[in-house]
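In: Need a 3D model of the sequence below.
(chains A, B, C and D)
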4 protein chains.
Amino acid sequence: MRASGTLAPEWKVAQWFNTQQPLQLADLRGKVVVMHAFQMLCPGCVVHGLPQTQKIYNVFDANEVVVVGLHTVFEHHEVMTPQALEVFIHEYRYTFPIGVDQPDGQSGLPLTMRAYGMRGTPSLILIDHKGRLRKHSFGRDDDIQVGADIATLVSEAKAAPLAEAENASGGDGCDEDKCTA
Amino acid sequence: MRASGTLAPEWKVAQWFNTQQPLQLADLRGKVVVMHAFQMLCPGCVVHGLPQTQKIYNVFDANEVVVVGLHTVFEHHEVMTPQALEVFIHEYRYTFPIGVDQPDGQSGLPLTMRAYGMRGTPSLILIDHKGRLRKHSFGRDDDIQVGADIATLVSEAKAAPLAEAENASGGDGCDEDKCTA
Amino acid sequence: MRASGTLAPEWKVAQWFNTQQPLQLADLRGKVVVMHAFQMLCPGCVVHGLPQTQKIYNVFDANEVVVVGLHTVFEHHEVMTPQALEVFIHEYRYTFPIGVDQPDGQSGLPLTMRAYGMRGTPSLILIDHKGRLRKHSFGRDDDIQVGADIATLVSEAKAAPLAEAENASGGDGCDEDKCTA
Amino acid sequence: MRASGTLAPEWKVAQWFNTQQPLQLADLRGKVVVMHAFQMLCPGCVVHGLPQTQKIYNVFDANEVVVVGLHTVFEHHEVMTPQALEVFIHEYRYTFPIGVDQPDGQSGLPLTMRAYGMRGTPSLILIDHKGRLRKHSFGRDDDIQVGADIATLVSEAKAAPLAEAENASGGDGCDEDKCTA
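Out: Residues are numbered from 1 along each chain as shown, chains lettered A, B, ... in the order given. Got it, this is the predicted structure:
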């Protein structure tokens, strides 16, 4: 797991659902980013993580908080395909953008999962308006705590908005493979 | 939906999980049969129906009540494959026998679902020790009611056990109370 | 805790709510009796036991199953008064008959609680149609199991109804203070 | 219901539990105050409001957020006495400070409830570090939303701490942002 405060690595997404155009983390400077990593056949994700993520998406202002689901398939790749994910999203009526974490081509950990050093699913990652990792948890999170964590980052963003140039730069220090704070 | 009291049609199962040998409804005369029809990507099944079925399996004596899950895929056949179902069963740790309802070969309703006239998933079907349909519900069932319904059929079975010959016959015809298939 | 199968002692109730006339256990031969012992300030009763009892009352046929709540105050007598209980019943909208277990006059265990040897609240007691104790549990009970237990006793009652004389006798073996099976 | 942004009226408390010395709202300038108004026999309070309040108390830093329960008895005064409340708090194991809203002496609305214009119980009131009303809701609140609301006020407090003099003054008047009581 990457140290809190370091710059969050760009995600690598093979395919998106629930969004008309691909999302780039680098383009989201200035906003708080909530990333929920899940697998469609992970019971803890289905029962707790994904409903919580949908509530986060419903509660916060989309101009301040971007919510992204990431399908980080690290086992049973043959059945948790993008095609199956699409049906899953449809049947459960999730409305937030969901990306498919880029497979490594060898049925191992997908690329974003590996870059963030995630331990498994569900994982919750909060990224502040400057693109820095601020929370990375594995397992079940309390709703009140998560709501508070996100709001704290929103307040930071409002208190110290990025300068135009900083915003436009897309995040200093983070090249394709490795990021430094 | 078939009328209550009529003989329950034999199920047609393409493949079984959680049982070493195929189950035939006809072989189960003398026992109460609980059949839970579901789809692995049906939220109501995952959140309510399947956990309830697992509890039924845990609560009742296996010598008196046979619990069977039936994967009645009537939509999105391409992703709710037997291979995907196997992973689903493994990840959710279901331990009761689960069969794959025989596809019709044309991506329509599978054969058992059609024979029983099911409206969708989850559906719960109770069959008495003489092989007769006794309950057929669609949607969410109350735990207390379901527990009572099953126990009532168990009591019937104990009060009026089948004669040896009747048991061995495999049950078609259902004479005593005038059932017709 | 009294042995299962022995005759259930008559309850001693100081005051009734939700019934126009007092209920006597001896008058209920022929029916299954569900007795839920609780205290209005017992969290396990409020969160699990009482809602379960209300559901039992709603699910079963009143001609077959009599549901009774029993307020067995064994601590904090000064605040869990009948007057307070009345408000509690009103606010939580319980509709099944509830009796106040007769105090011993010394702030100890009330008389019915003592006669049944209850360990605390919530306690659930099932009495069959012949007036015999059949289940006595302490703590949280599973809905499916409880539904099944009650239905089993209902089936017994239907299979072997009491003779007229037996029904009218009010229960052999159980005098005012002690009961023998 | 008082307008949001106005100075929150001082509470009038007859008796405190779970705190060694009485709390005065005026003394809490600089901290966020969460006030949960409840009645011990109000089902919505027992099932949702009070457990949520306990979680808030557990999640936030006591140096930043003061959580207070307020027993606002507006009906059935004769049974929801301070003595009964004490038992209730003990049995449910609530650990946050709880005050008894000062009765009006005529079995009407208690004084704090009246001053805040509360509609009933449960009511949730958030007061910022300058003593201003910021949220006043009636009924059930979503955990994520409440966590976010409180954290937003905490961030405000950190961003614009009170001057020493302002803090010491006890806060009536609330100049900077033109609050009037």
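In: List the buried residues for the helix ranked longest in chain A?
Out: The longest helix of chain A (DSSP state H) is helix A:143-159. Neighbour-count burial for helix A:143-159, counted by 16 or more other Cβ atoms under 10 Å in any protein chain shown, picks out A:143-157. To be clear about C-beta, it is placed using only N, CA and C from the backbone, and glycine gets the same treatment.
In: Among those residues, which one sits closest to A:Phe60?
Out: Within the buried residues of helix A:143-159, proximity to A:Phe60 (Cβ to Cβ) peaks at A:Ile150, which comes in at 6.5 Å.
In: Give me the distance between that closest one and chain C.
Out: Distance, A:Ile150 to chain C, by Cβ to the nearest Cβ, to the nearest Å: 30 Å.
In: mind listing the strands for chain A?
Out: A:13-17, A:32-38, A:65-71, A:98-101, A:123-127, A:133-138 (DSSP state E).
In: How about exporting the fifth one as CSV, limited to the C-alpha atoms?
Out: Meaning strand A:123-127. Extracted in CSV, the C-alpha atoms of strand A:123-127 (Å, rounded to 0.1, in the frame of the first residue of the first chain):
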residue,chain,number,x,y,z
SER,A,123,-10.7,-1.3,-1.3
LEU,A,124,-11.6,2.4,-0.8
ILE,A,125,-9.2,5.1,-1.9
LEU,A,126,-9.6,8.8,-1.4
ILE,A,127,-7.5,11.3,-3.4
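In: For it, which helices and strands make contact with it?
Out: In terms of contacts (3 or more Cβ pairs under 8 Å, 6 or more residues apart in numbering or on different chains; DSSP states H and E), strand A:123-127 is packed against strand A:32-38, strand A:133-138, helix A:143-159.
In: Provide the strand pairings for it, with the direction of each partner.
Out: strand A:32-38 (antiparallel), strand A:133-138 (antiparallel) (DSSP bridges).
In: With mean pLDDT as added columns, please give those strands in a markdown table.
Out: Converted to a markdown table, the strands paired with strand A:123-127 look like this (pLDDT from 0 to 100):
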| stretch | mean pLDDT |
| --- | --- |
| strand A:32-38 | 98 |
| strand A:133-138 | 97 |
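In: out of those strands, deepest packed?
Out: strand A:32-38 (a mean of 25; mean count of other Cβ atoms under 10 Å in any protein chain shown).
In: now the angle between strand A:65-71 and it, please.
Out: 20 degrees (axes from the mean of the first three to the mean of the last three Cα atoms, to 10 degrees).
In: contact partners of strand A:32-38?
Out: For strand A:32-38, contacts defined as Cβ atoms under 8 Å, 6 or more residues apart in numbering or on different chains pick out A:8, A:11, A:25, A:45, A:49-50, A:52-53, A:56, A:64-72, A:101, A:112-113, A:116, A:118, A:121-129, A:150, A:153-154, A:157.
In: 7 Å instead?
Out: Residues from elsewhere that reach strand A:32-38, judged by Cβ atoms under 7 Å, 6 or more residues apart in numbering or on different chains: A:25, A:45, A:49-50, A:53, A:56, A:64-72, A:113, A:118, A:121-129, A:150, A:153-154, A:157.
In: do the same with stretch A:9-17
Out: Counting by Cβ under 7 Å, 6+ apart, A:22-26, A:70, A:82, A:86, A:89, A:97-103, A:111-112, A:115-116, A:174, A:179 sit against stretch A:9-17.
In: still on that earlier bit, now for the longest helix of chain A, which elements pack on it?
Out: Helices and strands touching helix A:143-159, by 3 or more Cβ pairs under 7 Å, 6 or more residues apart in numbering or on different chains; DSSP states H and E, are strand A:32-38, helix A:50-59, strand A:123-127, helix D:50-59, helix D:143-159.
In: Make JSON lines from these and add distance to C:Gly139 to it.
Out: Formatted as JSON lines, the helices and strands packed on helix A:143-159 follow (distance: least, Cβ to Cβ, whole Å):
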{"stretch": "strand A:32-38", "distance to C:Gly139": "35"}
{"stretch": "helix A:50-59", "distance to C:Gly139": "29"}
{"stretch": "strand A:123-127", "distance to C:Gly139": "35"}
{"stretch": "helix D:50-59", "distance to C:Gly139": "20"}
{"stretch": "helix D:143-159", "distance to C:Gly139": "28"}
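In: So which of those is nearest B:His76?
Out: So among the helices and strands packed on helix A:143-159, helix A:50-59 is nearest, using Cβ to Cβ, at 18.4 Å.
In: how about a markdown table for the strands of chain A, with distance to D:Arg93 added?
Out: What follows is those, written out as a markdown table (distance: least, Cβ to Cβ, whole Å):
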| stretch | distance to D:Arg93 |
| --- | --- |
| strand A:13-17 | 45 |
| strand A:32-38 | 33 |
| strand A:65-71 | 35 |
| strand A:98-101 | 40 |
| strand A:123-127 | 29 |
| strand A:133-138 | 27 |
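In: now stretch A:92-107: mean pLDDT?
Out: Confidence over stretch A:92-107 (mean pLDDT, whole number) is 95.
In: Please compute how far that stretch lies from its chain's middle.
Out: Stretch A:92-107 sits 10 Å away from the centroid of its parent chain (Cα atoms, centre = their mean, to the nearest Å).
In: Ok, stretch A:67-77 next?
Out: Distance, centroid of stretch A:67-77 to centroid of chain: 10 Å (Cα atoms, centre = their mean).
In: so, in contact with chain D or not, it?
Out: No - contact of stretch A:67-77 with chain D (Cβ under 7 Å from any Cβ of the partner chain) is absent, the minimum separation being 11.6 Å.
In: What is the end-to-end distance of that stretch?
Out: From its first residue to its last, stretch A:67-77 covers 24 Å (Cα to Cα, to the nearest Å).
In: same question for it, mean pLDDT?
Out: The model assigns stretch A:67-77 a mean pLDDT of 97.
In: What are the buried residues along it?
Out: Buried residues in stretch A:67-77 (16+ other Cβ under 10 Å): A:Val67, A:Val68, A:Gly69, A:Leu70, A:His71, A:Thr72, A:Val73, A:Phe74, A:Glu75, A:His76.
In: out of the residues you listed, who's near chain B?
Out: A:His76.
In: Turn the buried residues of stretch A:67-77 into CSV, including distance to A:Gln15.
Out: Putting those into CSV (distance: Cβ to Cβ, whole Å) gives the following:
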residue, distance to A:Gln15
A:Val67, 18
A:Val68, 13
A:Gly69, 12
A:Leu70, 11
A:His71, 9
A:Thr72, 13
A:Val73, 12
A:Phe74, 17
A:Glu75, 19
A:His76, 18
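In: out of the helices and strands packed on strand A:123-127, nearest to B:Ser107?
Out: Taking the helices and strands packed on strand A:123-127 one by one with Cβ to Cβ, strand A:32-38 is closest: 28.3 Å.
In: and A:Tyr57, how far is that from A:Asn18?
Out: From A:Tyr57 across to A:Asn18, the span is 10 Å (Cβ to Cβ, to the nearest Å).
In: Mind listing the shared neighbours of these two?
Out: With Cβ under 7 Å, 6+ apart, A:Tyr57 and A:Asn18 have common neighbours A:Thr95, A:Phe96.
In: out of the two, which sits in the busier spot?
Out: Under the criterion of other Cβ atoms under 10 Å in any protein chain shown, the comparison of A:Tyr57 against A:Asn18 puts A:Tyr57 first, with 21 against 15.
In: Hmm, the more buried one is touching A:Val65, no?
Out: No - between A:Tyr57 and A:Val65 there is no contact under Cβ atoms under 7 Å: 8.3 Å.
In: Out of the buried residues of helix A:143-159, which comes closest to chain B?
Out: A:Asp143 (17.7 Å; Cβ to the nearest Cβ).
In: Please give me every residue in contact with that closest one.
Out: Here A:Asp143 is in contact with A:Gln52, D:Asp143, D:Ile144, D:Gly147 (Cβ under 7 Å, 6+ apart).
In: Lovely, talk soon.
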